[in-house]
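*Asks:* just a sequence and a predicted model for now, questions to come.
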Amino acid sequence: MKNFALIISLFVIFFLLPIFFVNFEEIECVEGSNLSCSSGESSSLKQFVGKKFFYIYSNGKKISSLPGILKYDLVFFPFSKKAIFNLKKSLPFIAVNHSSNSFFLIDEDGVVVQYTDKKVSLPVVGVESFSYKVADKIPEDLFLSLRVFSYIHNLYKIEKGTIFGDRIEIYIRNGPILVLPKEDYRRILGRARFLLDSVTANPEKFKLDKSITYITIDLRYKNPVLR
């Protein structure tokens, strides 16, 4: 029993106590298992270089206020004087096309979490006017429009889509153009799916003398307009 107590005491002295007295000279930032953080996130951690455990632990909570970060894990290595912030991020679900090759990424809470000029594997939609920046929460009506576009995107292959002030225009690949009003979409999404499926499967039935890719389904009116 005495040997066990001695082992525990030595463990505390040599492995646990140093963590409280060491100045951590290296602060590393990672995402998940092997991804490096963005330059902005890494820069925000420079304030912890040379600081002790209690300072880093208590002030590290501010990191969770950075855009897109849900939480973080903090690991200390006292003998190498190193601390690692492992960030857990909220994932973007859609990208707003800012220009030909740049995008704002929006997360599930409607927050702009990233700006990138790299190709993204997300639904991409154009917005007539988008003046928001990283960390901004977009207005509820725009967020709802983005979710509607994402919903349609998950059901059909989309060529492109644009959100205007009064409507959403969605170009179905090898299919019609869908125009939706900016209102309570739950009322019209069922009709939109029915008409899209019907027109795509049997365009001749609607007696429109044009190619299916030139047919517009406009649901801004009480009775849907096909033209």
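*Replies:* Arrived safely.
*Asks:* using the three-state scheme, assign Lys61.
*Replies:* Using DSSP: H, G, I helix; E, B strand; the rest coil, the structure places Lys61 in helix.
*Asks:* count the residues that sit near it.
*Replies:* Applying other Cβ atoms under 10 Å, we find 10 residues neighbouring Lys61. The C-beta positions use only the backbone N, C-alpha and C, and glycine is treated the same way.
*Asks:* after the lowest-mean-pLDDT helix or strand in the chain, which helix or strand is next?
*Replies:* Ranked by mean pLDDT, DSSP states H and E, the weakest helix or strand in the chain is helix 2-11, scoring a mean of 54. Using DSSP states H and E, the helix or strand that directly follows helix 2-11 along the chain is helix 18-21.
*Asks:* got a list of contacts for that next one?
*Replies:* When contacts are defined by Cβ atoms under 8 Å, 6 or more residues apart in numbering, helix 18-21 is touched by residues 52-54, 76, 78-79.
*Asks:* taking these, tell me the two that lie furthest apart.
*Replies:* Phe54 and Phe79 (18.3 Å; Cβ to Cβ).
*Asks:* am I right that Gly161 is in a strand?
*Replies:* Yes - under three-state DSSP, Gly161 falls within a strand.
*Asks:* could you report the distance from it to Phe76?
*Replies:* 47 Å (Cβ to Cβ, to the nearest Å).
*Asks:* tell me which of the two has more neighbours.
*Replies:* In this view Gly161 and Phe76 are compared by other Cβ under 10 Å, and Gly161 has more residues nearby, 26 against 17.
*Asks:* what bridges to the more buried one?
*Replies:* Beta-bridge partners for Gly161, by DSSP bridges, are Ile170.
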